[in-house]
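# let's see this in three dimensions:
(one chain, ligands or ions: 1)
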Amino acid sequence: MYRFGEKKIKSVAILSLAGLQSRPLARIDFREDGMEKKNPRKTGVGRRGFLSGSSLLLTGALLGASEEMPAKAEQTRIPPSATPQDKDSLFADLVAANRILADQGVVDGYGHVSVLHPTNPDHFYISRWLAPDLVTENDIVELDLNCIPVTGDKRRLYSERFIHSEIYKVRPDVKSIVHTHAPTVVLMGVCGEPLLPIYHMTGFIGAGLPIFDIRKSFGMTNMLITDGARGKALAQTLGDHSGALMRGHGGVTVGSSLSHSVGRSVYLKIDAEMQVQVLGKKIEFLTPEEARLAEAGNQDFPKDWDLWKRKVMGKA
Ligand SMILES: [Zn+2]
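Residues are numbered from 1 along each chain as shown. Model (predicted):
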């Protein structure tokens, strides 16, 4: 088992990827007290809210812990940065996530993915201003929730980084976020028909995703989330959903890990691609209960992550 930090960090499980990758995908058990601090309603969610599938089983087995173990309220100050080993794994996964999203057509020159700092819920990692497929570990910046680089990095940043910071502020269950301009996702945000789950892989869509219309709060704009106020409005529209569409712009998906948010973004695009082919026709969508039951088996997309990561490995 792989541990980092002090006793405040409960556990880290490494999921072996059967030799398919140069580095394993790190499953990090994020601090639970940070979650409680920001959202008392979530108190008691415990491990189930963070780990799933094989990583949950592995961690539970190693620790002899119950997956229903209640979250503890810890008040000690958390370290500002992750340890070097932790950063290596997380940065490698964030680079892979950027390339996977490009390879899967979720992003092109635009769009981005972030991951919350594993020990400091007031910081997150995201690439500097760069097309996702070109991102390397040297391009990753650590931002606070005001979107200021904590290391004084002067490089240009994504103007829409406020999408990420404002969602992290109000969704302590969210550890990673993807923003997409995928054409079919854009279309489903403007066509007047709700995007709904067509098959079991998109159970996270549930009874439908909210559509953020920037015009309602901000009038005529360039459509972009370029400050905290716009990001906050988007986060409010997102609510407790797994994602949201953005009228005339794109969409956002959230998850409890990098592979979770990435997987959801890929399947959001696939669901939109299928639905646009049959717009205006009677479609037998999953019922909300079927979607809920199907979603229970789609927690982290570990098989997809392995497959997708192998495809983008070795790219310069
Ligand atoms: Zn955008």
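# can we go C-alpha only for contacts and neighbour counts from here?
Fine.
# who's in contact with residue 263?
By C-alpha atoms under 8 Å, 6 or more residues apart in numbering, the contact set of residue 263 is 300-301, 304-305.
# hang on, it in a helix?
Yes: the assignment for residue 263 by DSSP: H, G, I helix; E, B strand; the rest coil puts it in a helix.
# how about the one helix or strand residue 229 maps to: buried residues?
Assigned by DSSP states H and E, residue 229 belongs to helix 228-238. By 16 or more other C-alpha atoms under 10 Å, the buried positions in helix 228-238 come out as 228, 230-235, 237-238.
# okay, it in PDB with CA atoms only?
Provided in PDB are the C-alpha atoms of helix 228-238 (Å, rounded to 0.1, in the frame of the first residue of the first chain):
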ATOM      1  CA  GLY A 228     -16.000  33.900 -10.100                       C
ATOM      2  CA  ALA A 229     -19.500  35.300 -10.400                       C
ATOM      3  CA  ARG A 230     -20.200  33.400 -13.600                       C
ATOM      4  CA  GLY A 231     -18.600  30.300 -12.200                       C
ATOM      5  CA  LYS A 232     -20.800  30.500  -9.100                       C
ATOM      6  CA  ALA A 233     -23.900  30.800 -11.200                       C
ATOM      7  CA  LEU A 234     -22.900  27.700 -13.100                       C
ATOM      8  CA  ALA A 235     -22.200  25.800  -9.900                       C
ATOM      9  CA  GLN A 236     -25.600  26.800  -8.600                       C
ATOM     10  CA  THR A 237     -27.200  25.400 -11.800                       C
ATOM     11  CA  LEU A 238     -25.200  22.200 -11.500                       C
END
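# check which element follows it along the chain.
Next along from helix 228-238, by DSSP H and E: strand 243-246.
# pLDDT of that next one, averaged?
Throughout strand 243-246, pLDDT has a mean value of 98.
# tabulate the CA atom coordinates of the next helix-or-strand element following that strand in CSV.
Proceeding N to C from strand 243-246, the next assigned helix or strand is strand 250-255, under DSSP H and E. C-alpha atoms of strand 250-255 as CSV (Å, rounded to 0.1, in the frame of the first residue of the first chain):
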residue,chain,number,x,y,z
GLY,A,250,-20.7,23.1,-24.0
GLY,A,251,-21.0,21.2,-20.8
VAL,A,252,-19.3,20.1,-17.6
THR,A,253,-19.1,16.8,-15.8
VAL,A,254,-17.9,16.1,-12.2
GLY,A,255,-16.6,13.0,-10.4
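# name every strand pairing with strand 250-255 and say which way it goes.
strand 176-180 (antiparallel), strand 243-246 (antiparallel) (DSSP bridges).
# just how off-centre is the shortest one within its chain?
Relative to its chain's centre, strand 243-246 lies at 13 Å (C-alpha atoms, centre = their mean, to the nearest Å).
# buried ones in that strand?
243-246.
# show me what the helix or strand containing residue 102 is packed up against.
Using DSSP H and E, residue 102 falls within helix 84-103. Judged by 3 or more C-alpha pairs under 8 Å, 6 or more residues apart in numbering; DSSP states H and E, helix 84-103 is in contact with strand 25-28, strand 112-116, helix 258-276, helix 302-312.
# show me what contacts residue 292?
With contact set as C-alpha under 8 Å, 6+ apart, residue 292 has these partners: 203-204, 206.
# what about 10 Å?
200, 202-207, 286 (C-alpha atoms under 10 Å, 6 or more residues apart in numbering).
# tell me the one of these nearest residue 310?
residue 202 (22.9 Å; C-alpha to C-alpha).
# pLDDT below threshold where in this structure?
1-85, 314-316 (pLDDT under 70).
# change it to 80
Across the chain, the ranges flagged by pLDDT under 80 are 1-85, 299, 313-316.
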